[in-house]
Structure formats: C-alpha cells, structure tokens
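Novice: what's the 3D shape of this:
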Amino acid sequence: MAGASGLFPRSSRRSWHALSRLERQAAAFSAEASQALGGASWQRDRRRAAFDRYAASSWPGPDEEAWRYSRIDQLDLSRFEPSGSPAPKGALPLLPALAHAFVDRVGERAGLALTIDGRPYEIDLAEEASRSGVQLARASSHPEAAELSGRARASFTAPDSIDATDELAEAFSSDGTVLSVPAGVALSAPIVIVNLLGADHQDTSSGPAFFPRTLVSLGEGSSVTVVELYFSGDGAILVLPVTELEVGPAARLSYSAVQQLGRATWQIGRNWSRAGRDAHLKSFTASLGGHYARTRTDSRLEGRGGSAELLAAYLGDGDQMHDFRTLQEHDAPSTTSDLVFKGAVGGRARAVYTGLIRMRRGARGANAFQTNRNLVLSQGASAYSVPNLDIEENDVRCSHASAVGPIDSEQRFYLQSRGIPAEVAERLILLGYFEELLGRAEPAVRDHIAAAARSRLHALAEVVA
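Specialist: Alright, predicted model coming up:
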C-alpha cells in the first residue's frame, strides 16, 4: 500500500486488515502517495499544498447543508486506495462496446483524447485544428496548463465553495487533459475525450480511486464543442473527476459529459466554469451509471452580457442515487443563466437536486431561470428537489420551478386505448418527457441518452402499477 510504511513502522506486527478503518484510510491517502504521482514541478507543489489543506480539514457529513440528503456518510474511504500505476503503453486498446458506440455516434471529430485510469494515454488532434494553434495535451506538457489550472475554481469565494472532497481530488489529481483554443478560432467538429476507469477491475468490495481532470480554455471570440465520456467496469472504484471550463469574451463553448460508470462506483464530481463578456456556455451532464453519482456544478458569469445553459438528464434504477448540486452565480450586469435538470428514477433509486441562484451586487439586469423535474416510476423510488435564491441586487429577474411525480396515468391510458401495448406506451411517455431537453443536447449525447432510456425501461419501471 502506497505510503503505509511511512505511517506504520516495520516494527509494528499488526496486519493491514487489523488496522482501524481510519488508519487504513490515512495510510492509503497519504502525503507520500500524493507526491509519488510525479508530474511537473507545479503539479507536485499544488498537490502538496492541497494535501496539507485536506489533512487539516474534516470529512463532510449529511448534517452539512452542502451534503444534505447525500450518502456521504456511507462512503468508506478505507475500501479504496489511489491508483498509482501509469497508463499502459503499447497498441491502442479496444474500447468497450458501449464506449465505442458512443464515439461512433459523434462521427467526424477535430480531436480525440483517450485517458486510462485518469492518465492521458493517446491524444490525436486533427491537422487543421493543430495549424490553427489549438492545443490538446496532457497537463504536464501543455505550455499554459500551470497558468490555467485552478483559475476557474479560484473565482468562487463563498465559504462553502471548497470542502475536503475538493482538496482530496486536488491532492491526488492525475496529469489530466488540457484543451486551449486561441482567440478567433472556431472548430466545426467536436473534440472527444474518453475516460476509461478501472475497466478490468471486477472486485466489488474494494478497489482503486481515480482522479481524472479536464481543463478547457477558450480565447476571445473562439468556438468549440467538447464531448466527454466516463466509463468503468463492474468493480468497486472511487472517482473524483474535476472539470474546469473557461470561456473568454465573446467565445462559445458547448461541453457535454456523459457518465456511464459501473454499478459499484462512487463518484464525487466537480464542474467549475466561468464565462466572460458576451460569452456563452452550454454545459450538458448525462448521469446514467454509478452506485452513488454526485456532480456539483458551479457556474459564474463574470462579464456583461455573458450567458450559460446548464442542462442535465439522469436515469436511475436498482439502488442507484444521483445527487446534483448547482450554483448559478451572476457577478456582472445583463447576464442570463438557464438551468434545466430532468430525471427519471425507478426501482429503489433516489434523485436529489439542490440548486442556488446567487445574484451578486453589480448584477443589475440579470436573468436567471432554474427548473428541476423528476419522474418517479416505481413505488420504491424517490426524488427530492430544493431550489434556492440569494439576491443581493435590485433590478434582477429570477424564477425557479420543481416537480416530482409519477407517469401521468391519463397519458398512459390514452395510448393504451389506441391499441399501444403498455411497455411501448411507457417508453413513448418517457422519451417524450425528455424530448425538449434532449433537443438542446449535442446529437451524439441525445442519441446515447435515448438509447439508454429505451434499453433500461424494464428496470426503471419494474413496479409501475
């Protein structure tokens, strides 16, 4: 175990399994293990500082507002240890069928980055994009990564912005993938990033922890579409992905993240974004896998006329839990944000959404909209929706709406009365429920979610009356 010898001298005769849970956790997630990850000097320095902050902090619990309704108290960190092995070398591995199908749906692309267990394995950038000055590289070799890394996170200053999970993710951060697009450059085809995490791991009792990172930075007036997939095997893993998105003045970024993790996976993800003057960000999250999948999305509009679309679709069945927490922060005048999160849960699955619209002083003329809707497809499933407002400025407009409910029995009866079988009727209602939201997604993401909804209908609605 990485770092164990530094904490427990060789003279100790206790076996690893005899150690307490907290001791095993401390041994695995140690300062030595953090520094053993290597990388550029600036990466090691940041990991060291983050580990010191992590060691000085307390692990969050459901009694804290930011983790209310979560399963954070059920996460046993001693079951996991950070993955220290480098990405394998040699021939490009065959992608799992689901990941391969996703990449095929994207079609023509301007670049492809494949990471294995959180570390860049192969990066391929189209010649046209390369000639335009676009750079897609691992963080340790990207010339601007040291300057760009952490800037989106640092723009959030509220007391509850950072906790121990964020510091843990920083302390064990992988090399990561960095995409930078120069001012004025517009890519017509998307950049695709595929993250394979523990694809061959089968043990469902314990496993590795991965800390993948993606950073996207757009210069003034540039434009790009980024589509990212997270995929894992059936074994127990812990994933703390971090995404930072910087959208420069008058730039346009469409970023989509599709989470298709195994059913024994714990995910605690972070998405930080900031958009400048007249910039536009569209962020789409699809949460389909995992045992417990949490994504916290913090979006900041810091330039006049900036706008953000924050979208998400999620499907839960069995004992899955999808947990979302969002912040729409307006820190400049005449800004607009529009959030739409829609999900469906069946079996014994749970969904939690907590959202905050924050209007800072100086955000006059800003508009913010927040909508969360949940379809509950079985008696054992549940969903919670908690919208919030924090307004420090006059002359702003805010609205929020949330709903939790079952399939409309009249809609189902109408379709069945027209001779449509019950299973087909439920599939049509479910797809229709997502139709408006999916119409705003990138085509590959839309088709992938629709296919997942069709294939999982039985599990989603296993006890629908």
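
Novice: Quick one: end-to-end distance for stretch 308-328.
Specialist: Terminal residues of stretch 308-328 lie 9 Å apart, using Cα to Cα, to the nearest Å.

Novice: tell me how far that stretch is from the chain's mean position?
Specialist: Chain-centre distance of stretch 308-328: 9 Å, with Cα atoms, centre = their mean, to the nearest Å.

Novice: List the buried residues of it.
Specialist: 308-317, 320-328 (16 or more other Cβ atoms under 10 Å). All C-beta spots, glycine's among them, are computed from the backbone N, C-alpha and C.

Novice: ok, now stretch 442-452?
Specialist: For stretch 442-452, burial by neighbour count (16+ other Cβ under 10 Å) applies to 442, 444-450, 452.

Novice: Pull the residues that contact it.
Specialist: 101-102, 105-107, 190, 225, 227, 254, 256, 258, 260, 284, 286, 288, 313, 315, 431, 434, 438-439, 441 (Cβ atoms under 8 Å, 6 or more residues apart in numbering).

Novice: Check whether Arg79 really touches Thr204, as I assumed.
Specialist: No - with contact defined as Cβ atoms under 8 Å, Arg79 does not reach Thr204; the gap is 10.2 Å.

Novice: In ChimeraX, how would I select the buried members of the contacts of stretch 442-452?
Specialist: Those of these that count as buried under 16+ other Cβ under 10 Å are selected in ChimeraX with:
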select :102,105,106,190,225,227,254,256,258,260,284,286,288,313,315,434,438,441
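
Novice: Cross the contacts of stretch 442-452 against strands and list the overlap.
Specialist: Residues of the contacts of stretch 442-452 located in strands (DSSP state E): 225, 227, 254, 256, 258, 260, 284, 286, 313, 315.

Novice: Greatest separation within those: which pair is it?
Specialist: Farthest-apart pair in the ones in strands among the contacts of stretch 442-452 is Thr225 and Leu315; separation 23.3 Å (Cβ to Cβ).

Novice: hmm, back to that, so between Arg79 and Thr204, which is more surrounded?
Specialist: Neighbours of Arg79 and Thr204, each counted by other Cβ atoms under 10 Å, are more numerous for Arg79; the result is 19 against 14.

Novice: confidence score at that one?
Specialist: Here, the pLDDT recorded for Arg79 equals 93.

Novice: just His17 next, same as before
Specialist: At His17, the model reports a pLDDT of 44.

Novice: same thing with Arg418?
Specialist: If you check Arg418, the pLDDT there is 76.

Novice: Give me the phi and psi for it.
Specialist: Backbone torsions for Arg418, taken as degrees, to the nearest 10, come to phi -90, psi 10.

Novice: one step back: anything in contact with each of Arg79 and Thr204?
Specialist: Ala236.

Novice: Now do the strand or helix carrying Val424: distance to the chain's middle.
Specialist: Under the criterion of DSSP states H and E, Val424 resides in helix 422-438. On the basis of Cα atoms, centre = their mean, helix 422-438 sits 25 Å off its chain's mean C-alpha point.
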